[in-house]
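> Need a 3D model of the sequence below.
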Amino acid sequence: MKSKKGPRNSGKLSKLCLDRSGGVTAEFTLVAPIIVLLATGIADFGMLASNSTALTAAVRIGAEYARFHPTDTVGIQNSMQSSMSFTPTLTFPASFPQSCECDNQTSIACSESCATTGRPGPNRVFITISASQTFAPVVPWPGVTNLLTATAQIRLQ
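Residues are numbered from 1 along each chain as shown. The predicted structure follows:
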């Protein structure tokens, strides 16, 4: 009659399973901080990217408002601020600067005319819409300031 023993290596396998020498614990102890730092770095970068994307969208909304009301600084700021919920609030320049240039991209004072100065084309008027927002990383990284600033800017004709 044949004996009903398990595979020949079953004794060695059970010894490995019962071996509690601490190798796995030591490896986990060495690898866990690296994994936590990587995960935190990914979370910080993801939050900054998300905030930057939302900030860019808000500046585009401000540019759309400025297309019809270029001199209404408060209205532009309010349209950007109310477009999304920002914590902390957005920071704006005191005013949104306007600049003028001719068709050959020569800068000109907005009070001048391209035709009277001998330059080609009509005046093209541009307005620069910008906003910024501070962002605090989850972990204070060495060599990185405690507050990062995301900035978005659009130059609209």
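
> mind listing the helices for the chain?
10-18, 23-68, 73-83 (DSSP state H).

> With distance to residue 143 and mean pLDDT added, can I get those helices in JSON lines?
All C-beta atoms are positioned from the backbone trio N, CA, C, and that covers glycine. Listed next are the helices of the chain as JSON lines, based on distance: least, CB to CB, whole Å; pLDDT from 0 to 100:
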{"stretch": "helix 10-18", "distance to residue 143": "44", "mean pLDDT": "60"}
{"stretch": "helix 23-68", "distance to residue 143": "13", "mean pLDDT": "86"}
{"stretch": "helix 73-83", "distance to residue 143": "32", "mean pLDDT": "85"}
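
> most neighbours per residue, which of those helices?
With neighbours defined as mean count of other CB atoms under 10 Å, these peak in mean count at helix 73-83, which reaches a mean of 17.

> contact partners of that helix?
Applying CB atoms under 8 Å, 6 or more residues apart in numbering, the external contacts of helix 73-83 come out as 57-59, 61-62, 64-66, 69, 89-90, 92, 95-96, 129, 131.

> The same query, at a cut-off of 10 Å, please.
Under the criterion CB atoms under 10 Å, 6 or more residues apart in numbering, residues 54-55, 57-66, 68-70, 72, 86, 89-96, 127, 129-131, 152 lie in contact with helix 73-83.

> how much space between residue 34 and residue 41?
Using CB to CB, to the nearest Å, residue 34 is found at 11 Å from residue 41.

> ah, wrong one, I meant residue 132
For residue 132, the distance to residue 41 - CB to CB - is 23 Å.

> So for stretch 119-137, what gets flagged as buried?
By neighbour count on 16 or more other CB atoms under 10 Å, the buried set for stretch 119-137 is 119, 123, 127, 129-133, 135, 137.

> just the angle between the longest strand seen in the chain and helix 73-83, please?
Assignment by DSSP state E gives strand 124-135 as the longest strand of the chain. For strand 124-135 against helix 73-83, the angle by axes from the mean of the first three to the mean of the last three CA atoms, to 10 degrees is 50 degrees.

> State the mean pLDDT of strand 124-135.
Averaging pLDDT along strand 124-135 yields 84.

> Run through the neighbouring helices and strands of it.
helix 23-68, helix 73-83, strand 98-101, strand 148-156 (3 or more CB pairs under 10 Å, 6 or more residues apart in numbering; DSSP states H and E).
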